[in-house]
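for reference, the sequence and a predicted model appear below.
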Amino acid sequence: MISGQTSPVLADPTPIKERVGIHSSLMPYSKTGTSFSKGLYIPIPKKKSGKLEDVLSNGWLDAMKSSSPPRKKLLKDFNIGIASDDTDFVYSSWMKKHPSALTSFEQIFDSAEGKKIAIFLDYDGTLSPIVDDPDRALMSDDMRSAVRNVAKYFPTAIISGRSRDKVCDLVGLAELHYAGSHGMDIMSPVHKVSDGNSNTNNSTDKQDKEVSLFQPASEFLPMIDKVFNTLVDTTKDIKGAKVENHKFCASVHYRNVDEKNWPTIAQLVHDILKSYPRLHLTHGRRVLEVRPIIDWDKGKAVEFLLESLGLSDCDDVLPIFIGDDKTDEDAFKVLRNGDRGYGILVSPIPKETKAFYSLKDTSEVKQFLEALVQWREHHHSKKSSTN
C-alpha cells in the first residue's frame with residue numbers, strides 16, 4: 001500500500017482470483033458498472049445561479065489563451081527582473097533549475113543503482129509531435145522501436161489524455177501498460193513473475209494476451225456520451241472546432257478555430273456543464289476537457305500502477321515520468337514529493353513545472369530512451385562479467 005494513499009476499492013464483495021504477477025488491487029472491469037468507495041470523490045463545488053453572459057467572469061477565456069501562449073510571452077514570464085530581451089539568458093536560467101535529462105543522464109542513473117526502474121510516458125508531444133489534427137499525431141517507427149526496447153527491460157506505461165483504445169492503436173505495442181483518459185482507464189498485460197534479477201516483464205510470454213482493467217469512473221460513461229453528443233451538435237457550425245470522445249472525458253479542440261470564436265466555444269461548454277454538476281472543465285494545450293469530478297489524475301494512475309506491479313516501495317524503485325502537458329504535472333508532483341522519482345518535462349521553452357529535468361522535443365525523448373536501453377545492457381553485461 002502506498003503510504004498516505006487509499007487505493008480505490010471495488011465494492012463488489014465477490015472474491016476475484018488474483019492473477020500471477022499482478023497486484024490484487026488491479027481488478028477486472030465489470031461491464032455492468034461498479035461502485036467505489038466514497039473516498040474516491042472530491043467535493044462538488046456549488047454552481048453559481050443564473051446564466052453567465054461573459055466567460056471572462058470565470059476565467060475560462062484567459063485560461064484558453066494561456067494554454068498555448070506565444071514564445072515571447074513565455075520568455076517574458078520567466079524574466080527574473082533583468083531588463084533584457086536576451087532569451088538565451090532566460091532559457092539558460094530556467095535550465096539551471098530543470099537541466100537536460102540527456103546531459104544529466106549519469107547523475108540520474110547513478111541514483112538508480114540497485115533499484116527497479118519504471119517508465120511512464122505521455123503520448124502527444126512526448127512520443128509524437130503536436131500537430132493541428134490530433135488524428136495525425138503519429139509516432140515514428142524509430143520512436144516505437146525505442147519504446148519497445150525500453151519495455152524489454154523495464155515496466156513501461158503510456159498515460160495519456162486520449163482514450164485507451166486510441167492510444168493503444170497509435171502505439172501498437174501489446175506489452176505495455178496503458179492508462180487512457182488521464183488515468184481513468186487502465187489496462188495492464190498479465191505477465192509471469194520475474195526472477196528478481198531483471199527489470200524485464202517477459203513481454204514475449206503467451207500470458208500477455210490476458211489483460212486486467214481498472215476503470216474508477218465507469219459510472220460516468222453514459223454521462224460523458226451524452227455530453228459528447230451535445231458538444232458535437234452545438235459546435236458543428238464553428239469552423240475548425242473538433243470534438244473527441246476519450247471515453248471518460250470529452251475534449252473540444254480549438255487549435256484551428258479563429259480566436260474571435262473562442263468565447264463562443266467557452267460559453268457553449270459552460271452552458272452544457274451547468275446541467276452536469278458531477279462534471280468539470282480542465283484546460284489542456286488548446287483544448288477544453290470535460291471530466292468527472294473524482295479524485296483521480298495521472299499522478300494517481302502512476303501510484304496505482306506502481307502498487308499494482310508491486311513497485312510501491314520508494315526505497316527500491318525509481319519511477320520516471322516523461323510528459324509535456326499541464327496534466328502531466330500531477331504525475332511530476334507525485335514523484336517530486338518525498339523524492340520518489342524523476343519527472344522530465346518535454347518543452348523547448350521555459351514553463352512552470354514540478355519536473356526535475358527537461359528535454360527539448362520528441363527527438364530528445366527518443367535519445368533518452370535509447371540511452372536508457374544502452375545503459376541497461378551495459379550495466380547488465382558488466383554485472384554478468386563480474387559474477
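Okay, I see it.

can you pull the pLDDT of Lys116?
Reading off the per-residue confidence, Lys116 sits at a pLDDT of 92.

is Glu303 within a helix or a strand, and which one?
Counting by DSSP states H and E, the secondary-structure element that holds Glu303 is helix 298-308.

now the element after that helix, going C-ward?
Counting by DSSP H and E, the next helix or strand C-terminal to helix 298-308 is strand 317-323.

got the buried residues for that next one?
Along strand 317-323, the positions that meet the burial threshold by neighbour count (16 or more other C-beta atoms under 10 Å) are Val317, Leu318, Pro319, Ile320, Phe321, Ile322, Gly323. Backbone N, C-alpha and C define where each C-beta goes, glycine included.

leaving out chain neighbours, which residue sits closest to the last one?
For Gly323, ignoring the flanking residues on the chain, the nearest one in space by C-beta to C-beta, 6 or more residues apart in numbering is Asp122 at 3.5 Å.

likewise the fourth one?
With C-beta to C-beta, 6+ apart as the measure, Tyr342 is the residue that lies nearest to Ile320, at 5.1 Å, once sequence neighbours are left out.

residue contacts, the one you found?
Counting by C-beta atoms under 8 Å, 6 or more residues apart in numbering, Tyr342 touches Ala101, Ile108, Leu318, Pro319, Ile320, Phe321, Leu335, Ala355, Phe356, Tyr357.

can you pull the phi and psi angles for it?
Note on Tyr342: backbone dihedrals following degrees, to the nearest 10 are phi -120, psi 130.

now do Pro263
Its backbone dihedrals place Pro263 at phi -60, psi -30, with angles given as degrees, to the nearest 10.

what's the spacing between Asn261 and Thr235?
Remark: distance between Asn261 and Thr235 (C-beta to C-beta, to the nearest Å) = 10 Å.

burial of Thr235, as a residue count?
Around Thr235 sit 22 other residues, with neighbours defined as other C-beta atoms under 10 Å.

need the contact list for the closest residue to it other than its chain neighbours.
The spatial neighbour of Thr235 that comes closest, neighbours along the chain excluded (C-beta to C-beta, 6+ apart), is Ala241 at 4.3 Å. Ala241 is in contact with Thr235, Val252, His253, Tyr254, Asn256, Val257, Asn261, Ile265, counting by C-beta under 8 Å, 6+ apart.

wait, isn't the second one in contact with His283?
When you say that, I think you mean Val252. No: under the criterion of C-beta atoms under 8 Å, Val252 is not in contact with His283, lying 10.7 Å apart.

quick check: neighbours shared by the two?
Taking C-beta under 8 Å, 6+ apart as the criterion, Val252 and His283 both touch Glu289.

now the closest residue to Arg148 other than its chain neighbours: how far from Asp165?
Ranked by C-beta to C-beta, 6+ apart and with sequence neighbours excluded, the top spatial neighbour of Arg148 is Leu173, at 5.6 Å. Here the distance between Leu173 and Asp165 works out to 14 Å (C-beta to C-beta).

next one: Leu279
With the distance defined as C-beta to C-beta, Leu279 ends up 21 Å from Asp165.

which of the two has more neighbours?
In terms of neighbours (other C-beta under 10 Å), Leu279 is the more surrounded of Leu279 and Asp165; the figures are 19 against 14.

now do the contacts for the more buried one.
Leu279 sits next to Phe220, Met223, Ile224, Val227, Leu273, Val290, Arg291, Pro292, Ile293 when contact means C-beta under 8 Å, 6+ apart.

so which of these are in strands?
Val290, Arg291, Pro292 (DSSP state E).

tabulate those residues (TSV), appending distance to Phe89, pLDDT and neighbour count.
As requested, the ones in strands among the contacts of Leu279 are exported to TSV (distance: C-beta to C-beta, whole Å; pLDDT from 0 to 100; neighbours: other C-beta atoms under 10 Å):
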residue	distance to Phe89	pLDDT	neighbour count
Val290	40	96	23
Arg291	39	95	24
Pro292	44	96	22
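
pLDDT weak spots in this structure?
For the chain, residues meeting the criterion pLDDT under 70 lie at 1-58, 67-86, 190-210, 314, 380-387.

all helices of it, in order?
In chain order, the chain shows helices spanning 60-66, 71-77, 87-97, 105-110, 141-153, 164-171, 221-235, 262-273, 298-308, 329-336, 362-385, with DSSP state H as the criterion.

tabulate these (a markdown table), appending distance to Ser212.
Putting those into a markdown table (distance: least, C-beta to C-beta, whole Å) gives the following:
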| stretch | distance to Ser212 |
| --- | --- |
| helix 60-66 | 36 |
| helix 71-77 | 41 |
| helix 87-97 | 39 |
| helix 105-110 | 30 |
| helix 141-153 | 17 |
| helix 164-171 | 13 |
| helix 221-235 | 19 |
| helix 262-273 | 33 |
| helix 298-308 | 8 |
| helix 329-336 | 21 |
| helix 362-385 | 25 |
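
so which of those helices is nearest Asp185?
helix 164-171 (4.3 Å; C-beta to C-beta).

using PDB, write out every CA atom in that closest one.
What follows is the C-alpha trace of helix 164-171 in PDB, where atoms were taken according to Å, rounded to 0.1, in the frame of the first residue of the first chain:
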ATOM      1  CA  ARG A 164      -7.100   4.000 -24.000                       C
ATOM      2  CA  ASP A 165      -8.200   2.200 -27.200                       C
ATOM      3  CA  LYS A 166      -7.000   5.100 -29.300                       C
ATOM      4  CA  VAL A 167      -3.600   5.400 -27.700                       C
ATOM      5  CA  CYS A 168      -3.200   1.600 -27.800                       C
ATOM      6  CA  ASP A 169      -3.800   1.700 -31.600                       C
ATOM      7  CA  LEU A 170      -1.400   4.600 -32.100                       C
ATOM      8  CA  VAL A 171       1.400   3.000 -30.100                       C
END
